[in-house]
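1. I would like to see how this sequence folds:
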Amino acid sequence: MTPVELSRTVLCAVRRAVDDGELDVVVPGRADVVPPGPGGCGDYASNVALRLARPAGQPPLRVAEILRQYLVRTDGISDVVVTGPGFLNICLLGTEAALVREILRCGPRYGHADRPTGQLVQLHAPHELRAVVVMDAVARILRSQGALVRTSCAGRPEPAWTDILGVQVDAHGTPDADARPVPAPPAPPVPAAPPTDPTPLGRDATRWALLHPAPHDRPRLTADHLVQRESNPLFRVRYAHARTRALTRNAADLGFHAEPGDPHPRPQPHSRGTAAAVQHTGAQQAAVQQAAVHDTTALRHALADHPRILQTAAAHHAPDRLARHLVTVADAVLPFLVTVLPRGAEKPSAAHCARLALAEAAGAVLAGGLTLLGIDAPEHL
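-> Numbering: from 1, shown residues only. Now for the predicted structure:
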């Protein structure tokens, strides 16, 4: 169950409580679900009970207990714990395996709309490099959410913008008077691009340099985006994707493949009195301990949050949100990747298959996000 689906589930619980006369409130349009904060537990938390307490005329804890009764009877939810003044902490059934299975099923299209929504959006940009590149990325993201998009520019795009940076513009000049753009929040003003010609950086580095900063920040079109070091966010994102692809190839050489499941190793039963049951090589113990201590919660939350990020980036015309989310995914998956393959004499197990599946899921999210930004996701780096 993704955060978007869980949000709908919480709203359904509110609606059922209203229909049964337990609550006398107007069902809100949305219910926020986020990773639990300090003092919380479970997979996700919601403050919907705190928001409904005043209109319901009841204490937040009472509202939370009412909603808890409905949520615990919902398929896919194992438990709901009320903490603090009335936060709902929700535990999901088979969260990680189900999430990984869904991502692997969708591949790089994870988080995309299943079908066209019928929404028509016309985007128009001034004849300025960053504005045109941002428009191109916004159009890609909107199309991933099922919208029909037409783009136009005040002037004919420069040849380098289309040939090198891969910008696609449907028309140039004055926007079509008959077009009816969907109302959207006004975008912040886009800073003018520096006078330096950015195209020597190439397509990927230039697009990242223009898309990653927030709209109010001035982009840095420097060679820093080309260096292969940890301080370069673009390198971390592309390197993380390339590493996931390499692990798939390495696992095939070792004779195992991805299979969603529990990525944490389980102790194997041994026959009593057998010396082999109590003696393990140092390499085996080190590998098991290293795998066991790594917490995949942050990675799981980042992957589950990907559909919401795409929806938000589309609604606010903000590809920078997607770019920063990819950095979050990369930073969460990179420490985990060293635990995927067996070490030394260790044999591939179900835990290794599950870890490989989780790594491949992260790779799919990174590949899909980079593609929407118009940036290549390399198999080798």
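2. ok, now how distant is the most centrally placed residue in the chain from Ser144?
-> For the chain, His306 is the residue whose C-alpha lies nearest the centre (Cα atoms, centre = their mean; 2.4 Å). Plainly put, His306 is 11 Å away from Ser144 if you go by Cβ to Cβ, to the nearest Å. For glycine as for every other residue, the C-beta is placed from the backbone atoms N, C-alpha and C.
3. Between those two, which contacts overlap?
-> Gly111 (Cβ atoms under 8 Å, 6 or more residues apart in numbering).
4. gap between the residue nearest to the centre of the chain and Gly39?
-> Computed as Cβ to Cβ, the His306 to Gly39 distance reads 27 Å.
5. List the buried residues for the one helix or strand Arg300 maps to?
-> Applying DSSP states H and E as the criterion places Arg300 in helix 297-304. Buried residues in helix 297-304, counting neighbours by 16 or more other Cβ atoms under 10 Å, are found at 298-304.
6. avg pLDDT for it?
-> Regarding helix 297-304, the rounded mean pLDDT is 84.
7. again, but for stretch 113-127
-> Mean predicted lDDT for stretch 113-127 stands at 90.
8. Equivalent analysis for stretch 99-108, please.
-> 93.
9. With stretch 21-30 instead?
-> 89.
10. Look up how far Val134 lies from the nearest residue to Ser144 once chain neighbours are set aside.
-> Setting aside the residues directly before and after it, Ser144 is nearest to His112 in space (Cβ to Cβ, 6 or more residues apart in numbering), at 4.6 Å. Going from His112 to Val134 by Cβ to Cβ gives 20 Å.
11. which regions of the stretch 251-381 of the chain sit below the pLDDT cut-off?
-> Judged against pLDDT under 70, the low-scoring parts of the stretch 251-381 of the chain cover residues 265-294.
12. As PDB, could you dump the C-alpha coordinates of stretch 17-26?
-> Extracted in PDB, the C-alpha atoms of stretch 17-26 (Å, rounded to 0.1, in the frame of the first residue of the first chain):
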ATOM      1  CA  ALA A  17     -17.300   6.900  10.900                       C
ATOM      2  CA  VAL A  18     -19.500   9.700   9.600                       C
ATOM      3  CA  ASP A  19     -22.000   7.400   7.900                       C
ATOM      4  CA  ASP A  20     -22.300   5.400  11.100                       C
ATOM      5  CA  GLY A  21     -22.900   8.500  13.200                       C
ATOM      6  CA  GLU A  22     -19.700   8.200  15.200                       C
ATOM      7  CA  LEU A  23     -18.400  11.500  13.900                       C
ATOM      8  CA  ASP A  24     -20.300  14.600  12.800                       C
ATOM      9  CA  VAL A  25     -17.800  16.300  10.500                       C
ATOM     10  CA  VAL A  26     -17.300  17.100   6.900                       C
END
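13. buried sites along it?
-> Those would be 17-18, 22-23, 25, for stretch 17-26 by 16+ other Cβ under 10 Å.
14. Let's have the residues you listed in JSON lines, adding distance to Gly173.
-> As requested, the buried residues of stretch 17-26 are exported to JSON lines (distance: Cβ to Cβ, whole Å):
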{"residue": "Ala17", "distance to Gly173": "55"}
{"residue": "Val18", "distance to Gly173": "52"}
{"residue": "Glu22", "distance to Gly173": "58"}
{"residue": "Leu23", "distance to Gly173": "55"}
{"residue": "Val25", "distance to Gly173": "51"}
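15. Mark which of those are part of helices, please.
-> Those of the buried residues of stretch 17-26 mapping onto helices are 17-18, per DSSP state H.
16. now, which of the buried residues of stretch 17-26 sits nearest Arg156?
-> Each of these was checked against Arg156 using Cβ to Cβ; the closest is Val25, at 54.6 Å.
17. residue boundaries of the strands in this protein?
-> 44-46, 77-83, 87-92, 120-125, 148-153, 171-172 (DSSP state E).
18. helices and strands around the shortest one, which ones?
-> Pointing back at strand 171-172 there. Applying 3 or more Cβ pairs under 8 Å, 6 or more residues apart in numbering; DSSP states H and E, we find strand 171-172 packed against strand 148-153.
19. hmm, back to that, adding mean neighbour count and distance to Leu61, write the strands of the chain out as CSV.
-> Shown next, in CSV, are the strands of the chain (neighbours: other Cβ atoms under 10 Å; distance: least, Cβ to Cβ, whole Å):
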stretch, mean neighbour count, distance to Leu61
strand 44-46, 24, 14
strand 77-83, 17, 7
strand 87-92, 23, 10
strand 120-125, 20, 44
strand 148-153, 19, 46
strand 171-172, 14, 57
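20. re the thing from before, correct me, but the residue nearest to the centre of the chain touches Pro108?
-> No. Using Cβ atoms under 8 Å, His306 makes no contact with Pro108, being 10.8 Å away.
21. Find the residues that touch each one of these two.
-> Taking Cβ under 8 Å, 6+ apart as the criterion, His306 and Pro108 both touch 365, 368.
22. Which residues are in contact with Gly57?
-> Asp24.
23. again, only using 10 Å
-> By Cβ atoms under 10 Å, 6 or more residues apart in numbering, Gly57 lies in contact with 23-25, 63.
24. Tell me the one of those residues nearest Asp43?
-> Asp43 lies nearest to Val63 out of the contacts of Gly57, by Cβ to Cβ, at 21.1 Å.
25. Double-check that closest one against Ser46; I have them as touching.
-> No. The criterion here is Cβ atoms under 10 Å, and Val63 misses it with Ser46 at 11.5 Å.
26. Now do the shared contacts for those two.
-> In contact with both Val63 and Ser46: 86, 88, using Cβ under 10 Å, 6+ apart.
27. about what we covered before: just want to know which of His112 and Val134 has more residues nearby.
-> Val134 (23 against 17; other Cβ atoms under 10 Å).
28. doesn't Gln311 make contact with Gln145?
-> Yes. Counting by Cβ under 10 Å, Gln311 is a contact partner of Gln145 at 6.4 Å.
29. so what sits against both of the two?
-> Common contact partners of Gln145 and Gln311 (Cβ under 10 Å, 6+ apart): 111, 113.
30. Good, we can wrap up now.
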